[in-house]
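Participant: Give me coordinates for this.
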Amino acid sequence: MATSTNSPASSFIIGVDLGGTNIVVAAMSLDGTRLLGQQTAPTLAAEGAESVVQRMAQMVARTIDTVVEETGVPREAVLGVGLGAPGTVDRKQGLVLAAPNLRWSNYALTERMTALTGLPVRIDNDANCATYGEWWLGAARGGTNVIGVTIGTGVGGGIIIDRQLYHGSSDAAGEIGHITIDPTGRRCGCGNYGCLEAYASGSAIAGRAREALEHDETSTLLALVNGDLSQVTAALVYQAAADGDAVALEIVRDTAKFLGAGIANLLNIFNPDVVVIAGGVTQAGDDLFTPLRTEVRRRAFKSVTDTCRIVPGTLPGTAGVVGAVASYIAQTTGRPPA
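Facilitator: Numbers count the residues shown, from 1 in each chain. All right, here's what the predicted structure looks like:
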């Protein structure tokens, strides 16, 4: 017998986190108490948009099957799909305007996913979704004004004001990675100079490590990559720092200073009660967060830092999916999830 779908615990939204490397899909109950049917598959963006969207739709279908099998609810209990996409989006038109990692431009994602799944679909930026996920069920839970910083290949972000995601006038708010921290500094992938992303992204951390290793033959990082500098990654830098390697520790501490400068700017502008930092950089632990908090306190007003927590995310692998569900709820009801 099918379970009643009158309660938020027995109605579900499918969350999709579309990344340049992987797609993550799961179902979540409206009350946020149950996450079911999580699966991950490679994006394979080089195969083209239609192939990627077909793969997402198949994953959605399998997740719905799991929900029905595990809970006994009818398929009608799955109400829609929330989808976080990289790059700039137009939520009202359902378009991915520009996603360089996917090589998409002005792609009608909502329309195509609706056609393939038969469900209502709402899209948002992936970093917005990750921030919203951490606000709803993660490290920023209970916060009223929240800044999210996502650090991976690039640096993204999200802004929550009075418990609502702030999108700006053209859905482009939260591009934290392109705060300028050095006007004459390193060239960023966006074409400008001195962006935070050019210093603190995973790619930038690996790049700075390779530069340092060209002048230091004693670092344990060299052993980790068998002397092949092209194999250096941010994750290996964090690993070496945890083992006490001097070169890696210096890179992590410099990263903390760069992030601290950017986050201090955000604190002075938005006065949030929580800043949550998500992504691989959190693997650096206290080696990063201790000097980061020190740098923020040095640069931002005391009245601002005294009322703000800076914390690592607590939903690795699922923040984007959870936030995509939260965004769907907010877009369809006009209010944030409870």
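Participant: so the residue nearest to residue 230 when sequence neighbours are not counted is in which element?
Facilitator: Spatial nearest neighbour of residue 230, chain neighbours left out: residue 210 (7.9 Å); criterion: C-beta to C-beta, 6 or more residues apart in numbering. C-betas here are computed from N, CA, C, even on glycine. Per DSSP states H and E, residue 210 falls inside helix 202-213.
Participant: Ok, residue 216 next?
Facilitator: If you go by DSSP H and E, residue 216 is not part of any helix or strand.
Participant: before we move on, what about residue 262?
Facilitator: Short version, using DSSP H and E: residue 262 is in helix 246-270.
Participant: ok, now residue 170?
Facilitator: Using DSSP H and E, residue 170 falls outside every helix and strand.
Participant: Around it, how many other residues sit close by?
Facilitator: 9 (other C-beta atoms under 10 Å).
Participant: Could I get the contacting residues of it?
Facilitator: Residue 170 sits next to residue 90 when contact means C-beta atoms under 8 Å, 6 or more residues apart in numbering.
Participant: Distance check, it against residue 214.
Facilitator: 42 Å (C-beta to C-beta, to the nearest Å).
Participant: pretty sure the residue nearest to residue 230 is touching residue 234, no?
Facilitator: No - counting by C-beta atoms under 8 Å, residue 210 stays clear of residue 234, with 11.2 Å between them.
Participant: of these two, who's got more company?
Facilitator: residue 234 (28 against 16).
Participant: Tell me how far the more buried one lies from residue 251.
Facilitator: Distance from residue 234 to residue 251, by C-beta to C-beta: 9 Å.
Participant: before we move on, what about residue 201?
Facilitator: 13 Å.
Participant: if we can go back for a sec, got the buried residues for the helix holding residue 210?
Facilitator: Judged by neighbour count using 16 or more other C-beta atoms under 10 Å, the buried positions of helix 202-213 are 202, 203, 204, 205, 206, 207, 208, 209, 210, 212, 213.
Participant: List the contacts of it.
Facilitator: Under C-beta under 8 Å, 6+ apart, the answer for helix 202-213 is 151-154, 186, 197-199, 219, 221-222, 229-230, 232-237, 247-248, 250-252, 254-255, 279-281.
Participant: roughly how far out does it sit from the chain middle?
Facilitator: 22 Å (C-alpha atoms, centre = their mean, to the nearest Å).
Participant: Over to stretch 289-297?
Facilitator: 21 Å.
Participant: now what about it, what contacts it?
Facilitator: 253, 256-257, 259-261, 263-264, 267, 277, 305, 310, 312.
Participant: biggest separation within those, which pair?
Facilitator: Farthest pair in these (C-beta to C-beta) is 253 and 267. Separation: 20.0 Å.
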